[in-house]
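In: Dropping the sequence and predicted coords here.
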Amino acid sequence: MKLIATGNQPVGPFFHIILDRMLIPNVAGPGLDRITIRGRVLNADHAPVPDAMIETWQANAHGKYAHPADTQDKPLQESFLGFGRVVTDDNGAFSLTTIKPGRVPGLGGVPQAPHINVSVFMPGLLQRAVTRIYFPDEPANAGDPVLGLVEDARRATLVAKSVSGEASVLEWNVILGGEDETVFFDL
Amino acid sequence: MSTGTILDVRGYRRPEPGTQPPYAFPSYRSSLRRAPSKPPILLPHSVSEVTGPMFGRDAIFAGDEDLTIANSGEAIGSRIIMTGRVLDEDGRPVPHTMLEIWQANAGGRYRHKMDQPHSPLDPHFNGYGRVMTDSEGRYRFKTIKPGPYPWENHYNAWRPSHIHYSVFGPAFATRLITQMYFPGDPLLPFDPVHNSIPDENARKLLIANFDWETTIPNQATGYRFDIVLRGRNETPMENRR
């Protein structure tokens, strides 16, 4: 039996109804080394998108996902699920507090650089846009098998930037068009 | 290369052509400035994509499966029982996965500050629910049939009645947000959101079926809506660390 997978449809303008029960701006558990990722979501004209929802999924600091399909012999961290969900404000801005994940296995025998998996939803977007957040000043980025799929000129859109004067803050934006359009993945 | 375990990762299958909407669909106006313009890069699945958030029974509160009672009163509208299964493309049930649902009230109005006052709010309808599939992938909730509502897409534009479904499934790769429609809705052929799915059969699968079996005499009509998540590849891909 082969069924047809259900088609995606946009979230529509009123998805905020669901957020009362599940808005997760802080992925990091207590006692962990926190970072804050700030950014904006911009449309094809680089105008702010005030009604986007961003979901994130990541491994813990050891590079282990809290999921049975991750069969690595690495410790789970208590109360760390690794799932975040934030929305943009009127300026298209969002903020997520989390930890830097460890490295996880990648394709072709190459370990992946620390990264956060991202789904972007908004009215007008007929199915989620999938991208990743990588970390600045990370030597492993050079050999990352996924960054390696991306042409040099566009790779920087996937790497968060340090913010001067704020040690634990990174900036990373989602841009839906133009020269600096974010790299999205066909998952 | 570091030594360590080899992780065999079976990725998820790619969608059949025409069964998913494109990013830019001109008759759905707001897609035009919000679509990636460059083709997305094909991403082979690793442990990052075949894992995903899992929620336990404790994510569900009493009353989450009944949208017809809120703020100590009963919502206005025609009662319906929504049931169905979450399956993968091979017909295997997807057990213990969370569904978030949201919808307009019987008059087509959402409890949202941005929705236009074309019809009143119902003090006893919040329009939000949450259910978990059981071990056989089945879900069930009770609600009222949402009304159609006007929107700004084109002249005299009306969205057909629909319920939004957000499904997590077993992996980041299976995340799905969709809309379920009602059979026989005269607005469906004119809806650019529904029509954004090119394949006619795939489009029809977003329409629930009326169901005598779950219809409760003197109480509620039943509708059945199955959700199919991506199936897995047969052959594992080798991941190392």
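Out: Now that the structure is in, tell me what you want to look at.

In: Please list all residues in contact with the residue nearest to A:Leu42 when sequence neighbours are not counted.
Out: Spatial nearest neighbour of A:Leu42, chain neighbours left out: A:Ile175 (4.9 Å); criterion: CB to CB, 6 or more residues apart in numbering or on different chains. In short, each C-beta sits where N, CA and C put it, glycine included. Residues near A:Ile175 by CB atoms under 8 Å, 6 or more residues apart in numbering or on different chains: A:Val41, A:Leu42, A:His46, A:Thr157, A:Glu181, A:Thr182.

In: Out of those residues, which is nearest to chain B?
Out: The shortest approach to chain B among the contacts of A:Ile175 belongs to A:Glu181, at 5.7 Å (CB to the nearest CB).

In: Under a three-state scheme, what state does the closest one occupy?
Out: At A:Glu181, secondary structure determined by DSSP: H, G, I helix; E, B strand; the rest coil is coil.

In: Chain B: helices as residue ranges?
Out: Using DSSP state H, the helices assigned to chain B run over residues B:47-50, B:192-195, B:200-204.

In: Arrange those in TSV, one row each, with distance to chain A, mean pLDDT and mean neighbour count as further columns.
Out: Below are those laid out as TSV (distance: least, CB to the nearest CB, whole Å; pLDDT from 0 to 100; neighbours: other CB atoms under 10 Å in any protein chain shown):
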stretch	distance to chain A	mean pLDDT	mean neighbour count
helix B:47-50	5	97	25
helix B:192-195	6	98	20
helix B:200-204	5	97	15
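
In: Let's check: the centremost residue of the chain is which one?
Out: Since no chain was named, I'll use chain A. A:Val118 (3.0 Å; CA atoms, centre = their mean).

In: meant chain B actually
Out: Centre-nearest of chain B using CA atoms, centre = their mean is B:Tyr165, 2.6 Å out.

In: Hmm, it is touching B:Gln179, no?
Out: Yes. Counting by CB atoms under 8 Å, B:Gln179 is a contact partner of B:Tyr165 at 7.1 Å.

In: What lies in contact with stretch B:59-72?
Out: B:74-75, B:77, B:79, B:98, B:101, B:103, B:123-132, B:140-144.

In: Tell me the predicted confidence for residue 31.
Out: Looking at chain A here, since you left the chain open. Per-residue confidence (pLDDT) for A:Gly31: 70.

In: my question was about chain B
Out: 96.

In: now the one 5 residues further on
Out: Model confidence at B:Pro36, expressed as pLDDT, equals 95.

In: Which helix or strand in chain A has the lowest average pLDDT?
Out: In chain A, no helix or strand scores lower on mean pLDDT, DSSP states H and E than strand A:106-107, which sits at a mean of 88.

In: from the chain's centre, how far out does that strand sit?
Out: 18 Å (CA atoms, centre = their mean, to the nearest Å).

In: Kindly report the same for stretch A:55-64.
Out: The chain centroid and the centroid of stretch A:55-64 are separated by 10 Å, computed with CA atoms, centre = their mean.

In: Any part of it near chain B?
Out: Yes. Using CB under 8 Å from any CB of the partner chain, stretch A:55-64 reaches chain B at A:Glu55, A:Trp57, A:Ala59, A:Gly63.

In: Drop anything exposed from these.
Out: A:Glu55, A:Trp57, A:Ala59, A:Gly63 (16 or more other CB atoms under 10 Å in any protein chain shown).

In: Can you tell me which of these end up in strands?
Out: Judged by DSSP state E, the subset of those located in strands is A:Glu55, A:Trp57.

In: and the residue lying closest to A:Leu125 once chain neighbours are set aside, what is it in contact with?
Out: Nearest non-adjacent residue to A:Leu125, counting by CB to CB, 6+ apart: B:Arg34, 5.3 Å away. With contact set as CB under 8 Å, 6+ apart, B:Arg34 has these partners: A:Asn43, A:Ala44, A:Val49, A:Met122, A:Pro123, A:Gly124, A:Leu125, A:Leu176.

In: Please identify which of the residues you listed is nearest to chain B.
Out: A:Gly124 (3.4 Å).

In: on that earlier part again, which members of the contacts of stretch B:59-72 additionally contact chain A?
Out: Counting by CB under 8 Å from any CB, the members of these near chain A are B:Asn126, B:Gly127, B:Tyr128, B:Arg130.

In: Under the pLDDT cut-off, which ranges of chain B? List them.
Out: B:1-6, B:237-241 (pLDDT under 70).
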